[in-house]
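K.L.:
output the structure for:
(3 chains)
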Amino acid sequence: MARVGVFICHCGENIARTVDVAAAAAAAAKFPGVVYSVDYKYMCSDPGQQLIRKAIADHKLTGAVVAACSPRMHENTFRRAAAAAGMNPYLLEMANVREHCAWVHSDRAAATAKAIDLIRVMVEKVKRNRSLKTITVPVEPTAVVIGGGIAGIQAALDIAAGGKQVVLIEKSPSLGGHMARLSETFPTLDCSQCILTPRMVEAANHPNITLMTSSEVESVGGFVGNFEVTVRRKARYVDPAKCTGCGECWSKCPSKNIPSEFDAGLSRRTAIYRASPQAVPNQPVIDAQHCLMLTKGRCGVCAKVCPRGAINFKDADELVKVKAGAIVLATGFELWDHSAYGEYGAGRIADVIDGFAFERLASASGPTAGEIRRPSDGAEPKTVVFVQCCGSRDEKVGVKYCSKICCMYTAKHAMLYAHKVHGGRAVVFYMDIRSAGKGYDEFVRRAIEKDGAEYIRGRVSKIYRRADGKITVRGTDTLAGMPVTVEADMVVLADAVTPRADAQKLARMLGVAYDADGFFSEAHPKLRPVETAVAGVYLAGACQAPKDIPESVSQASAAAAKVLGLFSKPKLEREPIVSHVNRITCAHCRACINACPYKAIEDFNILDRSGKVLRTVSNVNEGLCQGCGTCVSVCRSKSIDLDGFTDEQVYLQIAALEPVEAGAKTEGSS
Amino acid sequence: MEKTETITENARTGFEPHIIAFVCNWCTYAGADLAGTSRLQYAPNVRIIKLPCTGRIDPLLVLKAFQGGADAVLVSGCHPGDCHYTSGNYHARRRWSVFGKLLAFAGIDGRRLYFSWVSAAEGQKFADLINSITKEVHAAGPFDRINPARRRA
Amino acid sequence: MSIVDSIRADAADLLQTGRAKLVLGYRNRQGRRAPILLTDAAGADQLVYDAECRQNLAAYLRKPEVRQHFPVAVVAAPPAMRSLVMLAAESQIAADSVTVLAVGENEYHGALDLPATAQLLREKYANLALPEELLRRVREIAAMSEEERAAFWTEQFSKCTRCYACRSACPGCYCQWCISKRNVPQWISTADLPHGTYAWNITRAFHHAGRCTLCGACEAACPQGLPLMLLNAHVAECVEKEFGHKTGYDLAEKPLIGSWRTEDDDGFVR
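P.N.:
Model prediction:
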């Protein structure tokens, strides 16, 4: 005999304003199998949970339905309360009468009727819930961090400091990401490489960290605690065990004219190259597309001059399988392509550059040794215009959101320019100034008041180059109420921050959601910013949303804390929502085996006492089953069923919604 | 209010469609939650039944819903490529393609069965979808083709 | 040798040499055709074969009484040959447990094992045409208005007495506990009301999507004359057009329902 308790929450006014909770409780009290029905102001509060625990004990409840917010909100809260009262937590379900009812309807009568229906559906389900035990699976205490920028490095260091193994995978030949390309960082004007390179070296040398550069994730299988990540270690053509980074090879390489990605195309590199002098690992790789030996079969000078014989033209990509218990995504960002703005020159004016190019100009280790010189003719620009919000906050051509970091780095650029070009004129066109961090607003004020940057509130409508080489920038000064024209020598566009173009592919490999802009989706925007909906996969850095360095570092440490929490137990408890095969009725058509996305179902022989095979049927491996229920749908005879969403439960939930004639018996039973 | 009173009220106010939505937990259910958090308003005729994945939703559920007096059924899940269980929605899509056409051939009005992809971020889409479906089903009238004994006008 | 003589000779040979312990074929019974299960080579001359032989003998391979006599030989025309390949693909029969006495349109292809049967089907019977009349009627129904179609099928399904002869005759219906039998929960209502008959007939057609070889045994068996082949032909056409799937040509084929491609059509999804 079922003894179900129904607990209806007012959620303050959120539910009670639209749903007549007292009437709902009275209706629920009459449902077959319900022995206790009550409504209360805040079920999730301490007294609310106490109420539930007491009711379970007093009324010897065999099941409970909490009609309140979405189960995605508080199912765990209430299940823990049930467990504390000695009831198996899987005997408690929630009816969503807030997000799916009170918040979306205004007609009180209709909303109350719907709430009662929703509660009835869950009561019918709960009467067939079984006491399930969580499934334990072993946890592989190794984390895979995808992305070797500041966020990835921080996460790797924190996890390693916690005593666990990390495999840090980086697509390019060196760690460092975008931060390695910066000149100074706001608001302290610290030299970026000076604060970053010690971390890069520490990550490379840490005994708990295995570094895989020039590597990309090829595929991911498995699930939390038991991921199998296949990594493609790309051919580098230089043996890392032998190379000392002496530099003989790149100094002699004849293929010299390749635009350097690190220097935003402002300098040229060779085919065998090191991204920068501070690269970690500090060893070159060969760019196969531009190497004469690899494309045409001649040259080979580097191999001839290498004192250690470290060059290996026969190198090939290698697939490496890594077992991991958790994955941290730290793939970072890239800049929006401003060639979409025809009015700004469509990317064709050489002296209209983006923020990274300016960073390389300003950087002491950059192509111009830290002198601000414009790309077209190397002249020192006397007037530089900085245009904020290039692509950001632009629904029509660019992206809708604000890229967060540009106001700060534009102020930084204006300051660096003022420090390096005495008497130079820095003009900044802005819409708003977003400088909300610690010391940030003071930093912007300093750029304006101390370093003389001219801030003009208004947008730039057109940028073009005149015949005499000057760049005309036409904009508006909205505070003065008049148009403005600036004759500039160089223009720096603060391009929007976007996720990497290949981020979606990675997200799909992992089953991680991403939003309309391509940023990875966190599990909850307020309360779970570093987790994803996929258990065991965490987020750090700008791949989740535009953010600056301190935020990336914080988020990386937070993700590391989550990983270490996951690894703190030798076994992981998994939700017991798994399938089971009815061996008596299974006809072994193998449809389920074929359909299972996790290959969790296998053939199983039923033997007689002498070991002879009587029949073969299907069997579910509980450790692998993730509870999607695809097998249940494809089984024509319904010989497989999913705990937590059994055939009978779903049937009775649907039946609970049938309108019946007055006086007729409902299909539900006690 | 009991079920019987609901029927009487319907008779009083005219036909109110009875719609059952089978949705997946990770995308459409969350999308419906988002519609709620954003306080988007939509018609109150739909009753959502949560399943882990659209892969779990098979035609028998739809047939049972019709048998039980539903005027229309909505089946909704994650966009292709975004399934939390990697491929449940791909299985579902193929199944629905065959089943939908079979039902149409067998004389079931096309306004009775709807399929959609609604992601966790598409609260507005969910609300709009429910509103437009409710309107279409209202125009189509009560679905008593395969359950005349259980329906009333 | 005529087709019938060849069948008789091969059947006798298989039984004598022990390559088959049982031969499933057709015999003459009071002017009609009935199945015969032979265990003795001497009975081979009872075997007949002509256009009247419409029962799909592959259906017998579901029965434990037949299975205990494996290996068996089965007289089969292309649709039944496809059924045998389908059963092997769905792990219901071992590929080496059946010899097919393969009868084609107007020729006899010999006693073949299943792999050879699958190959024969691919080479010679890849495009089996449905009867003109059947196709015409499918088009006719598809062209009807929704109201007309609904009225047509309500009338047709009302004739169904749930005798399940269709199930007994079909080799694809091998589930020991058919969904129509399951009563906890009872997805397919047994009520003799529209919701019950619709649910059964639609589920039957759907469960055979990508598995039906259009042998016609179900419609031939139906005592009420339900036009089951209309449903089967419609589904088979859909499945071939949408997914390029035709069952029974490949022992290693993956089932239609339970497989997917990223390019599967979802134009019908909002």
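K.L.:
who in chain A is up against chain C?
P.N.:
Counting by CB under 8 Å from any CB of the partner chain, the residues of chain A close to chain C are A:584-585, A:587-592, A:594-595, A:616, A:634, A:636-639, A:647-648, A:651-652. C-beta coordinates here come from the backbone N, C-alpha and C atoms, glycine included.
K.L.:
for chain B, tell me which of those residues show up nearby.
P.N.:
Within the residues of chain A next to chain C, those near chain B by CB under 8 Å from any CB are A:A595, A:V634, A:Y651.
K.L.:
which stretches in chain B count as helices?
P.N.:
B:3-13, B:28-37, B:59-67, B:88-105, B:123-140 (DSSP state H).
K.L.:
okay, domains of chain C per the record?
P.N.:
Taking automatic domain parsing as the reference, chain C has its domains at C:3-124, C:132-243.
K.L.:
which element is A:E93 on?
P.N.:
Secondary structure from DSSP states H and E places A:E93 in strand A:92-96.
K.L.:
that strand pairs with which strands, parallel or anti?
P.N.:
strand A:63-68 (parallel) (DSSP bridges).
K.L.:
centre of the chain to the strand it pairs with, how far?
P.N.:
33 Å (CA atoms, centre = their mean, to the nearest Å).
K.L.:
pull out the buried positions in the lowest-mean-pLDDT helix or strand in chain A.
P.N.:
For chain A, scoring each helix and strand by mean pLDDT, DSSP states H and E identifies strand A:571-574 as the least confident one, at a mean of 84. By neighbour count on 16 or more other CB atoms under 10 Å in any protein chain shown, the buried set for strand A:571-574 is A:L572, A:R574.
K.L.:
who are the packing partners of that strand?
P.N.:
strand A:135-138 (3 or more CB pairs under 8 Å, 6 or more residues apart in numbering or on different chains; DSSP states H and E).
K.L.:
elements contacting the strand it packs on?
P.N.:
strand A:571-574.
K.L.:
parallel or antiparallel, which strands does the next helix or strand after the strand it packs on pair with?
P.N.:
Where DSSP H and E defines the elements, the next helix or strand beyond strand A:571-574 is strand A:579-581. Paired neighbours of strand A:579-581 in the sheet (DSSP bridges): strand A:640-642 (antiparallel).
K.L.:
show me what counts as buried in the following helix or strand past the partner strand.
P.N.:
Of the helices and strands lying after strand A:640-642 in sequence (DSSP H and E), the nearest is helix A:647-655. Within helix A:647-655, the residues scored as buried using 16+ other CB under 10 Å are A:D647, A:Q649, A:V650, A:Y651, A:L652, A:Q653, A:I654, A:A655.
K.L.:
ditto for stretch A:389-396
P.N.:
A:C389, A:C390, A:G391, A:S392, A:R393, A:D394.
K.L.:
again, but for stretch B:103-110
P.N.:
So, applying 16+ other CB under 10 Å, buried residues of stretch B:103-110: B:L103, B:A104, B:F105, B:A106, B:G107, B:I108, B:D109.
K.L.:
please apply the same query to stretch A:47-63.
P.N.:
Neighbour-count burial for stretch A:47-63 [16+ other CB under 10 Å]: A:G48, A:Q49, A:L51, A:I52, A:R53, A:A55, A:I56, A:L61, A:T62, A:G63.
K.L.:
assign the first one to helix, strand or coil.
P.N.:
Remark: A:G48 carries the secondary structure label helix [criterion: DSSP: H, G, I helix; E, B strand; the rest coil].
K.L.:
which residues touch the closest residue to A:H206 other than its chain neighbours?
P.N.:
Nearest residue to A:H206, sequence neighbours excluded (CB to CB, 6 or more residues apart in numbering or on different chains): A:A160, at 4.9 Å. The neighbours of A:A160, taking CB atoms under 8 Å, 6 or more residues apart in numbering or on different chains as the test, are A:V166, A:H206, A:P207, A:N208, A:I209.
K.L.:
circling back to that earlier point, which members of the buried residues of stretch B:103-110 additionally contact chain C?
P.N.:
Of the buried residues of stretch B:103-110, the ones that also sit near chain C (CB under 8 Å from any CB) are B:L103, B:F105, B:A106, B:G107, B:I108, B:D109.
K.L.:
residue contacts, the last one?
P.N.:
Read it as B:D109. By CB under 8 Å, 6+ apart, the neighbours of B:D109 are B:A140, B:F143, B:R145, C:E146, C:A150.
K.L.:
check which helix or strand the last one maps to.
P.N.:
Translated: C:A150. Going by DSSP H and E, C:A150 is in helix C:146-158.
K.L.:
who touches that helix?
P.N.:
By CB under 8 Å, 6+ apart, helix C:146-158 touches B:105-110, B:145, C:141, C:144, C:194, C:197-198, C:201, C:226-227.
K.L.:
on that earlier part again, pipe the contacts of B:D109 into TSV and attach distance to A:Y341 per row.
P.N.:
Converted to TSV, those look like this (distance: CB to CB, whole Å):
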residue	distance to A:Y341
B:A140	49
B:F143	53
B:R145	57
C:E146	52
C:A150	57
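K.L.:
ok, those residues vs chain A, which is closest?
P.N.:
If you rank these by distance to chain A using CB to the nearest CB, B:F143 comes first, at 12.4 Å.
K.L.:
could you list the contact residues of the stretch 101-250 of chain A toward chain B?
P.N.:
So far as CB under 8 Å from any CB goes, the stretch 101-250 of chain A lies against chain B at A:101, A:103-107, A:109-114, A:116-118, A:121.
K.L.:
and the buried ones among those residues, selectable in ChimeraX?
P.N.:
A single ChimeraX command selects the buried members of those (16+ other CB under 10 Å):
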select /A:101,103,104,105,109,110,111,112,113,114,116,117,118,121
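K.L.:
near the nearest residue to C:M144 once chain neighbours are set aside, how many other residues are there?
P.N.:
With sequence-adjacent residues excluded and distances taken as CB to CB, 6+ apart, C:M144 is closest to C:F152, at 6.8 Å. C:F152 is flanked by 17 other residues according to other CB atoms under 10 Å in any protein chain shown.
K.L.:
quick one, phi psi at the residue lying closest to A:T188 once chain neighbours are set aside?
P.N.:
With CB to CB, 6+ apart as the criterion, A:T188 has its nearest non-adjacent residue at 7.7 Å, and that residue is A:G439. Note on A:G439: backbone dihedrals following degrees, to the nearest 10 are phi 80, psi 0.
K.L.:
just give me the closest of the ones next to chain B among the residues of chain A next to chain C to A:E531.
P.N.:
A:A595 (28.8 Å; CB to CB).
K.L.:
so who does that closest one touch?
P.N.:
The neighbourhood of A:A595, defined by CB under 8 Å, 6+ apart, consists of A:T630, A:C631, A:V634, B:G55, B:H91, C:G258, C:S259.
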